[in-house]
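**Student:** Pasting a predicted model and its sequence here:
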Amino acid sequence: MPNSQIRIYTQKEQGEEWLQRYRGCLPVFACVLGFTETGLIPGISAAGRTPEDRKYTACADAEFLYYGAEHKAQYPLPPLAAGASPVLISRAVFESLKIPVHLFNAGLPQSPAVPVIDLGGAPAKCLSGGAAMEITTVHHLFEQGLLWGERLAANIQQGYLIVSECVVGGTTTALAILTGLGIEAAGKVNSSHPVCNHAQKWTLVQTGLEKMMVSKEQEEINFQSPIQNPSCAESAPKVRLKIQNSVDPLQLVAAVGDPMQVVVAGMAIAASRSCGVMLAGGTQMLAVYALISAIAETYTLSWRPEAVVVGTTRWVAEDPTGATVDLALSLGKGSLTQSGRTPPLLATHLSFADSRYPQLRAYEQGFVKEGIGAGAACIAAHLSQDWQQHQLLAAIEAQLERLSTASH
């Protein structure tokens, strides 16, 4: 199927079949909002200029996505170092195409000022502590994901489900999950910075995974050797375990993940059984895909890998400071992720090179790349209405114009 607006980077045949199947169909859109204190570390993310701004990024994006530019926002879009929020892209498409939007709160520090489905989660602590969330919370969120994936899919006759995210600091938790599953992801992930802060991310991830392993070993020691007297403690076996062979994927999320990941994994597993699923995003959704494979394998859950694709922007797929395609190809190599193979990685070829707005042209310099389902929204517009570059650009510029007018 020739389509100059969508490029398939991996699993081309499966990707072609998926696009062919859903051509002319409108999707249902779900966005899972979450929070990790990792996002508050200075310099970790550009999705909000300061750590204080970044506390409210998910609430601001949700509000704009739901109400649009003219609404007087309780949480206005945070200022960025350069560029404009990718929620402008998603809003432009969903408003024009009248795509239904469902917002889920998986764990935010405050409630967004929009109708959301509260999943009863909690924000994650910084992953560097190796104890980001309670395991009971992770199990609960996974169950909620399965439940809502099934519910959303039940209302989809011919179309597909887009599942997106908004988690500031989420590419760092993604790196932690990928690494914990035995996938070589260091230096391959993306970020909201023009040049990815790989060293900063990797230091945090190593610290978190080491702490996770120490506490896991401690549990094993305590389990294997009940300490009756002090001399017994000295001889307790200290087993250095290989991370990828020893960790339950849900325990891994509890240690170094964020609340969005496990919800989206559950949603995709359940929805894939009856409809198509597009995981909307880059690095974060590749980590979720790996998590899906690992959870399905560990817990013997049925899902249909052939129904699931990852959809993003070319700014992510071709980010010169990451290696997204290489990362996608690595997913089948983790010890717990073999069942899922490699997902088709699709990207919209939307360009802002000719935009009359400098905030949009900043995307071409790498200042903003993706978020809140922007790439998937454009793919949906190409698929359902055959929108071309000029139509997308006009709709997105109109959103920015309305936002500029409304805020003056």
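**Tutor:** Great, that's in hand.
**Student:** can you give me the strands for the stretch 251-400 of the chain?
**Tutor:** 276-280, 308-313, 345-348 (DSSP state E, counting those that start in this stretch).
**Student:** Figure out which of the ones you listed is closest to Ala328.
**Tutor:** strand 345-348 (4.5 Å; Cβ to Cβ). Placement of C-beta: from N, CA and C, glycine included.
**Student:** Let's test this: mean pLDDT of that closest one, rounded?
**Tutor:** The pLDDT scores in strand 345-348 average 98.
**Student:** Kindly report the same for stretch 180-197.
**Tutor:** Here stretch 180-197 scores 91 as its mean pLDDT.
**Student:** That one: which residues count as buried?
**Tutor:** Across stretch 180-197, burial judged by 16 or more other Cβ atoms under 10 Å covers 180-183, 185, 187-194, 196-197.
**Student:** Take the residues you listed and keep only those in helices.
**Tutor:** Among those, DSSP state H puts Gly180 in helices.
**Student:** hmm, which two among the buried residues of stretch 180-197 are most spread apart?
**Tutor:** Taking Cβ to Cβ, no two of those sit farther apart than Gly182 and Pro194, at 30.1 Å.
**Student:** would you turn the strands of the stretch 251-400 of the chain into TSV with mean neighbour count?
**Tutor:** Shown next, in TSV, are those (neighbours: other Cβ atoms under 10 Å):
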stretch	mean neighbour count
strand 276-280	30
strand 308-313	31
strand 345-348	27
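**Student:** Out of these, which is closest to Tyr160?
**Tutor:** Closest approach to Tyr160 among the strands of the stretch 251-400 of the chain (Cβ to Cβ): strand 276-280, 3.3 Å.
**Student:** The closest one versus strand 308-313: what angle between them?
**Tutor:** Taking axes from the mean of the first three to the mean of the last three Cα atoms, to 10 degrees, strand 276-280 and strand 308-313 form an angle of 40 degrees between their directions.
**Student:** Nearest to the spatial middle of this structure, which residue is it?
**Tutor:** Gln284 (3.6 Å; Cα atoms, centre = their mean).
**Student:** Leaving out chain neighbours, which residue sits closest to Gly325?
**Tutor:** For residue 325 the amino acid is Val, not Gly. Spatially, and ignoring its direct neighbours in sequence, Val325 is nearest to Tyr9 (4.8 Å; Cβ to Cβ, 6 or more residues apart in numbering).
**Student:** got a list of what the residue nearest to the centre of the chain touches?
**Tutor:** 165, 167, 170-171, 173-174, 260-261 (Cβ atoms under 8 Å, 6 or more residues apart in numbering).
**Student:** hey, where'd the strands end up in the stretch 1-150 of the chain?
**Tutor:** Assigned by DSSP E, counting those that start in this stretch, the stretch 1-150 of the chain shows strands spanning 6-8, 28-34, 101-107, 117-118.
**Student:** in terms of contact, does Tyr9 touch Pro343 like I think?
**Tutor:** No. Tyr9 lies out of contact with Pro343 (Cβ atoms under 8 Å); the separation is 10.3 Å.
**Student:** Spell out which residues are contacts of both of those two.
**Tutor:** Joint contacts of Tyr9 and Pro343 (Cβ under 8 Å, 6+ apart) are Ala328.
**Student:** More neighbours: which of those two?
**Tutor:** Each of Tyr9 and Pro343 has its neighbours counted (other Cβ atoms under 10 Å); Pro343 has more, 28 against 19.
**Student:** ok, the more buried one to Gly373 distance?
**Tutor:** 16 Å (Cβ to Cβ, to the nearest Å).
**Student:** Leu346 contacts Tyr9, correct?
**Tutor:** Yes. Assessed by Cβ under 8 Å, Leu346 is found in contact with Tyr9 at 7.4 Å.
**Student:** any idea how far the residue nearest to the centre of the chain is from Glu217?
**Tutor:** Gln284 is 29 Å from Glu217, where distance means Cβ to Cβ.
**Student:** Now distance to Gln206 too, for the strands of the stretch 251-400 of the chain, in CSV please.
**Tutor:** Converted to CSV, those look like this (distance: least, Cβ to Cβ, whole Å):
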stretch, distance to Gln206
strand 276-280, 26
strand 308-313, 26
strand 345-348, 26
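**Student:** Show me the shaky parts of the protein.
**Tutor:** Scanning the chain for pLDDT under 70 picks out 1-3, 220-246, 334-340, 408.
**Student:** Try it again at 50.
**Tutor:** Counting by pLDDT under 50, the chain contains low-confidence ranges at 1-2, 223, 225-244.
**Student:** now, among the buried residues of stretch 180-197, which is nearest to Thr324?
**Tutor:** Among these, and counting by Cβ to Cβ, the member closest to Thr324 is Asn190, at 6.2 Å.
**Student:** For the closest one, give me phi and psi.
**Tutor:** The phi and psi values for Asn190, taken as degrees, to the nearest 10, are phi -100, psi 180.
**Student:** Please renumber the chain so that the first residue is 885 from this point on.
**Tutor:** Understood, numbering begins at 885; the last thing we discussed is Asn1074.
**Student:** Could you check how far it is from Val1147?
**Tutor:** In terms of Cβ to Cβ, Asn1074 sits 21 Å off from Val1147.
**Student:** Same check on Val916?
**Tutor:** Separation of Val916 from Val1147 (Cβ to Cβ) stands at 5 Å.
**Student:** what sits in contact with each of the two?
**Tutor:** Counting by Cβ under 8 Å, 6+ apart, the common neighbours of Val916 and Val1147 are 988, 990.
**Student:** Who wins on neighbours among the contacts of Gln1168?
**Tutor:** If you rank these by neighbour count (other Cβ under 10 Å), Gln1145 sits at the top with 35 neighbours.
**Student:** Can you tell me how far that residue is from Val1047?
**Tutor:** 11 Å.
**Student:** Also His986?
**Tutor:** Counting by Cβ to Cβ - His986 and Val1047 are separated by 10 Å.
**Student:** Looking at these two, which one has more neighbours?
**Tutor:** Shown here are His986 and Val1047; by other Cβ under 10 Å, Val1047 has more neighbours (33 against 17).
**Student:** Make sure the more buried one is indeed in a strand.
**Tutor:** Yes. Val1047: assigned to a strand according to DSSP: H, G, I helix; E, B strand; the rest coil.
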